[in-house]
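> For reference, the sequence and a predicted model appear below.
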Amino acid sequence: MMKLLSPLMALLLGLALSLGLSPGMAQATGLQGTLPTNPSLHLLATASVPAGEVKKFAKAYQSIQTIRDEAEAEMAQAVEAEGFTVEEFNALADQALAHNQPPDDAAVAVKFDSAIERIATLRQGAEDTMGKAIEAAGLSVDRFNEILEQSDQDADLYQRIGDQINGR
């Protein structure tokens, strides 16, 4: 069965992590906690999710996966367009975060900053597209997050979502 991610922000973090970016790099590029959430979501863990909402959720989730895959490829291209491999970029990012400073070489720092700016732009575009995909599926972003969080607490809901995603 397919493992669903925790909050929707994990999907955004996954954009960076799938490129091999460290969690710190995800934070530096703004990939953490950027879609709205409701702090009272934990109270909804026992609420029932109707079959229609499960279907809408599954549709939105699949759309988000596609958007994420496309954004990952674009982010890798942005890094490579600046002359880095993803691995080189990640090493520079880890070093920059560990020492709280840009790369020592000025030319490398300019390219690194350019890649960071492009990734941030792509991230924002992906976030916007994800939000629109959720709404196009018939859910609000908050309701999507509620169902996603509830699926972490409710094995039956998790199974129902997985079944819907897998066409069962």
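Yep, that arrived. The structure presented is a predicted model; accordingly, all values stated were derived computationally and were not measured.

> Show me the helices in this protein, by range?
Ranges of helices in the chain, per DSSP state H, are 8-17, 23-28, 51-81, 86-99, 106-136, 141-153, 155-165.

> how deep is Ile67 tucked in, by neighbour count?
20 (other C-beta atoms under 10 Å). Just so you know, the C-beta spots here come from the backbone N, C-alpha and C atoms, and that holds for glycine as well.

> Kindly report the same for Lys59.
18.

> Please verify my assumption that it contacts Ile134.
No. In this structure Lys59 lies outside contact range of Ile134 using C-beta atoms under 8 Å: 9.3 Å.

> Quick check: which ranges of the chain have low pLDDT?
For the chain, the stretches flagged by pLDDT under 70 are 1-47.

> how about a cut-off of 50?
Residues of the chain meeting the criterion pLDDT under 50: 1-46.

> buried ones in stretch 156-164?
157-158, 160-162, 164 (16 or more other C-beta atoms under 10 Å).

> Which of those sits closest to Glu87?
Gly162 (33.0 Å; C-beta to C-beta).

> From Thr66, how far out is the closest one?
According to C-beta to C-beta, to the nearest Å, Gly162 and Thr66 sit 18 Å apart.

> Likewise for Asn90?
Distance from Asn90 to Thr66, by C-beta to C-beta: 24 Å.

> out of the two, which sits in the more crowded spot?
Counted by other C-beta under 10 Å, Asn90 and Thr66 do not tie: Asn90 has more neighbours, with 18 against 11.

> Glu53 contacts Leu139, doesn't it?
Yes. Under the criterion of C-beta under 8 Å, Glu53 makes contact with Leu139 at 7.0 Å.

> who touches both of those two?
The contact sets of Glu53 and Leu139 overlap at Ile147 (C-beta atoms under 8 Å, 6 or more residues apart in numbering).
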